[in-house]
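Asker: Model the following, please.
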Amino acid sequence: MEHYTTFKVEFKKFLEACVTAQHTVDYTAGILDERGFVKLSPTCNEWELEPGKSYYMVSHESTLFAWKMPLEFGNGSCRLIGSAAHIDSPNLRVKPVQASASNGYNTLNVDKYGGILWSRFLDTVMGCAGTLYRVVDGKVVPELFKIEDAAILPSLAIHLERKPEYDGMNCIPIVSTEAALKPAEDATDDEKKEYLNGLVLELLKKEGIDTENVVEIDAQLYSQAPTKVLRFDDIITSPRLDDLCCAFPALQSLFDTNAHATDVTMMCFFDNEEVGSRTLNGAYTAVFRHLLDRLVAALGVDRFNFCNRSLIASMDVLQATHPGFKDKSDPVHTGNLGKGLTIPWSPAMHSGNTGMSLALLKRCIELYNEGEPEISIEYLHFTNRNVGSGGATMTTGLGAFNGIEMVEFGPMLLGMHSTVETGHVRDIYNVYQLMNAVVRFSKDIKVNSD
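Answerer: Okay, here's the model as predicted:
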């Protein structure tokens, strides 16, 4: 159980550090550097990839690919075995005109990113984080920032309205009273307007952050709720479990598994899944296809053959059965926390799993459990009720656009897309274990069409 305990401790650190997709990439890159992975530039004309070496690449600030090269190049049975998770979460994005003054308060102008209910963000202290873009020697350079305790969205007192309806017009993040943050007394009307338009810049100055030559700020509000594990069980509560509770197992599996001598093992972190993935940094990005081109050129193998032999596990969360709303889940395929990971199925292909991928996952689980690990892999099937449908994941686009077979699995959560989500550490650890099993066993049990 020592490994499980270490996994839990490191997972909490990961959650606390990764407040935006860009912060997740930065934090992960630091870990990869410590592990001896070599950083490659996507703008370099060519790479010199060596057998047995480990590499990573950051693309456009919020997408990351890390991989281990095989020991053998030029082998016709070479394939890619990979994992993919998204690292964005629903949040409140700060608009270009950043703030307003209203009824004695300085308030931020925000809009929602991803599928959220405004009411989920009420009465929670929010931090402000993102990227500032500074001109250095004539070039625009991105820099991460994080401001804690930056704002709060207060709810309406129950005395004034028993059942208020919340939307983007009345859920307003308060930063301060007007008296606490204001321009100089002799400021002109234009200077006062400019002060409010750049309120995040003023907050950065208050934090002692240099704002000289900053030409743009990409900012969002994030939940500062602490990560907690309940005292009498390994139920975990934290912001951004969707989908960091899959990103972390993917990273750990990359470190802890050794694939076949002819395989490339890879981990992919994508952005923008919460808004459909059809972006430069999403799972549909051509950057991944260009990366595959570089890999097959270095390996000296046929791309079509390589992709048809390859396999990627897309890892994302699913909705656990809520004890107070059991009728919202499929009556047969119910799922509770602590019962293991979940394998989704969708006739509309919102999940990428097919009969073959379901069989492959089950066989990998059987082979892993035959080794009698301290913690066995447990799993449940998931499907939506016949009268409703859930959200689509990255799986379909990632597989279809690259001609690579996909499997999909992940843990269940309660309270998804809230400022605090609830899961179970053992289910998340099972995700890590199954990814290890897929790397170890899938090549020997997967039938390739010849």
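
Asker: What segments of this protein are helices?
Answerer: 2-17, 21-34, 189-197, 199-206, 241-256, 286-299, 303-309, 355-370, 395-402, 425-445 (DSSP state H).

Asker: Which strands or helices does the fourth one pack on?
Answerer: Meaning helix 199-206. Helix 199-206 sits against strand 91-102, strand 105-113, strand 125-136, strand 139-152, strand 214-223, with contacts defined as 3 or more Cβ pairs under 8 Å, 6 or more residues apart in numbering; DSSP states H and E. Bear in mind the C-beta positions are built from the backbone N, C-alpha and C, glycine included.

Asker: just to revisit the earlier point, out of the helices of the chain, which is closest to residue 51?
Answerer: helix 286-299 (9.5 Å; Cβ to Cβ).

Asker: Pretty sure residue 198 sits against residue 96.
Answerer: No. Counting by Cβ atoms under 8 Å, residue 198 sits too far from residue 96 to count as a contact (10.2 Å).

Asker: neighbour count winner among those two?
Answerer: residue 198 (18 against 9; other Cβ atoms under 10 Å).

Asker: dump the residue contacts of that one.
Answerer: By Cβ atoms under 8 Å, 6 or more residues apart in numbering, the contact list for residue 198 reads 98, 217.

Asker: Check residue 264 too.
Answerer: Per Cβ under 8 Å, 6+ apart, neighbours of residue 264: 67-70, 78-82, 295, 299.

Asker: give me the beta-bridge partners of it?
Answerer: Residue 264 has the following beta-bridge partners by DSSP bridges: residue 80.

Asker: so how far is residue 311 from it?
Answerer: Separation of residue 264 from residue 311 (Cβ to Cβ, to the nearest Å): 11 Å.

Asker: okay, and the common contacts of the two?
Answerer: Here residue 264 and residue 311 have 79-82 as joint contacts, going by Cβ under 8 Å, 6+ apart.

Asker: Which positions in stretch 1-20 come out as buried?
Answerer: 4, 7-8, 11-12, 14-15, 17-20 (16 or more other Cβ atoms under 10 Å).

Asker: For it, list the C-alpha coordinates in CSV.
Answerer: Extracted in CSV, the C-alpha atoms of stretch 1-20 (Å, rounded to 0.1, in the frame of the first residue of the first chain):
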residue,chain,number,x,y,z
MET,A,1,0.0,0.0,0.0
GLU,A,2,3.1,2.3,0.2
HIS,A,3,2.8,3.1,-3.5
TYR,A,4,-0.9,3.9,-3.2
THR,A,5,-0.2,6.3,-0.3
THR,A,6,2.6,8.1,-2.2
PHE,A,7,0.2,8.3,-5.2
LYS,A,8,-2.4,10.0,-3.0
VAL,A,9,0.1,12.5,-1.6
GLU,A,10,1.5,13.5,-5.0
PHE,A,11,-1.9,13.7,-6.5
LYS,A,12,-3.0,16.3,-4.0
LYS,A,13,0.1,18.3,-4.8
PHE,A,14,-0.8,18.1,-8.5
LEU,A,15,-4.3,19.3,-7.9
GLU,A,16,-3.2,22.3,-5.8
ALA,A,17,-0.6,23.4,-8.4
CYS,A,18,-2.7,23.0,-11.6
VAL,A,19,-5.2,25.9,-11.4
THR,A,20,-5.3,26.5,-15.2
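
Asker: Please compute how far that stretch lies from its chain's middle.
Answerer: Centroid separation for stretch 1-20 versus its chain: 15 Å, with Cα atoms, centre = their mean, to the nearest Å.

Asker: what mean pLDDT does that stretch have?
Answerer: For stretch 1-20, mean pLDDT is 96.

Asker: Stretch 270-278 too?
Answerer: Averaging pLDDT along stretch 270-278 yields 91.

Asker: Can you tell me what sits against that stretch?
Answerer: 21, 62-63, 84-90, 113-115, 243, 279, 281-285, 316, 393-394, 397.

Asker: Give me the most central residue, this structure.
Answerer: By Cα atoms, centre = their mean, the mean C-alpha position of the chain lies nearest to residue 87, the distance being 1.6 Å.

Asker: Looks like it contacts residue 61 (just checking).
Answerer: No. Counting by Cβ under 8 Å, residue 87 does not reach residue 61; the two are 11.5 Å apart.

Asker: Quick check: neighbours shared by those two?
Answerer: With Cβ under 8 Å, 6+ apart, residue 87 and residue 61 have common neighbours residue 25.
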